[in-house]
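> no sequence for this one, just the structure:
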């Protein structure tokens with residue numbers, strides 16, 4: 001019994017020594033775990049099964065934020081509708097927006113699609129730019145580097161450990177990117193339509209041409225008039241691919257496909273959003289395979 005008691009104390013001490021982190025989305029949890037290893041304990045707030053704009057701020061998420069020493073967010077306004085209420089309930093000043101224990105990873109990437117004006121007349125626009133930069137795997141390394149830097153500041157005793165893990169991760173990710181880029185070259189020049197402004201970073205990186213969106217404006221449901229016009233546009237431009245995310249309704253995309261002969265391709269938006277995408281590599285591999293093979 002005494003041996004079991006000592007073992008319990010050792011395990012309890014190890015658990016308490018871990019650096020408590022919460023991340024807003026699953027992909028951030030995966031990157032953070034790769035850098036933090038066994039030195040960190042991670043809680044992901046949002047499920048990849050839902051629209052990342054409209055996560056329900058469940059009270060059950062509050063305790064993890066209350067205990068956290070670091071909160072890692074996507075930023076660029078993606079969490080604006082659901083994270084602030086959780087922060088207010090958590091009463092943890094260390095991880096509030098702008099505090100030392102809050103990290104906005106959008107600062108690590110170059111945002112695109114910055115609106116010239118911010119108004120509801122333009123739909124659900126993000127003033128800082130398009131927040132869906134995680135769809136481009138080339139943005140993962142700068143995000144990982146920023147996370148490593150923040151961890152090294154807040155947990156300086158393990159700085160060398162985080163630096164080593166970052167080096168290992170970057171080496172592995174560069175090899176992955178070479179393979180990913182080769183597959184994605186097959187998509188260069190393809191005309192596509194997407195439901196939401198979700199895949200713009202991927203479209204730009206791999207030189208595809210976006211002919212239109214099923215949404216007339218970001219966050220605005222498609223009307224009959226807009227859908228008919230989009231069908232005509234797709235026929236004129238010989239569009240054969242419709243990029244459909246996992247969380248929006250699929251009825252409209254299927255209708256458009258039936259009128260144009262295009263194929264509806266469901267593309268994951270985060271780790272775990274569709275079956276077989278439970279790691280970073282599988283997430284991006286799934287995108288390439290579904291879109292370009």
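Thanks, I have it. Since the model is a prediction, treat every value here as computed from it, not as a measurement. Numbers count the residues shown, from 1 in each chain.

> I'd like to know how far residue 65 sits from residue 55.
Here residue 65 is placed at a distance of 13 Å from residue 55 (Cβ to Cβ, to the nearest Å). Backbone N, C-alpha and C define where each C-beta goes, glycine included.

> Quick check: neighbours shared by the two?
Common contacts of residue 65 and residue 55 (Cβ atoms under 8 Å, 6 or more residues apart in numbering): residue 45.

> What helices and strands are in contact with the strand or helix carrying residue 85?
Using DSSP states H and E, the element containing residue 85 is helix 83-90. With contacts defined as 3 or more Cβ pairs under 8 Å, 6 or more residues apart in numbering; DSSP states H and E, helix 83-90 has these neighbours: helix 62-67.

> What residues sit buried inside the following helix or strand past the helix it packs on?
Using DSSP H and E, the helix or strand that follows helix 62-67 in sequence is strand 70-73. Using 16 or more other Cβ atoms under 10 Å as the test for burial, strand 70-73 gives 70-73.

> Helices of the chain, residue ranges please.
2-17, 26-36, 62-67, 83-90, 140-154, 159-184, 200-205, 224-236, 251-260, 280-292 (DSSP state H).

> quick revisit: so which of the buried residues of strand 70-73 comes closest to residue 93?
Distance to residue 93, by Cβ to Cβ, is smallest for residue 71 among the buried residues of strand 70-73, at 11.5 Å.

> Could you check how far that closest one is from residue 261?
From residue 71 over to residue 261 the distance is 46 Å, taken as Cβ to Cβ.

> returning to what we had before: list of residues touching the helix holding residue 85?
The contact list for helix 83-90, computed with Cβ under 8 Å, 6+ apart, reads 24, 45, 57, 59, 61-62, 65-66, 71, 73, 95-97.

> what stretches of the stretch 1-150 of the chain score poorly on pLDDT?
Scanning the stretch 1-150 of the chain for pLDDT under 70 picks out 1-16, 117-124.

> switch the cut-off to 50
By pLDDT under 50, the low-scoring segments of the stretch 1-150 of the chain are 5, 8-9, 11-16.

> Residue 291 against residue 265, yeah?
Yes - taking Cβ atoms under 8 Å as the definition, residue 291 is a contact partner of residue 265 at 6.0 Å.

> which of those two has more neighbours?
Using other Cβ atoms under 10 Å as the criterion, residue 291 and residue 265 rank with residue 291 on top: 21 against 18.

> OK, contacts around that one?
Counting by Cβ under 8 Å, 6+ apart, residue 291 touches 184, 187, 241, 243, 265, 267.

> Then residue 271?
26-27, 29-30, 48, 277-280, 282-283.

> biggest separation within these, which pair?
Across the contacts of residue 271, the longest distance by Cβ to Cβ is 14.6 Å; it joins 29 and 282.
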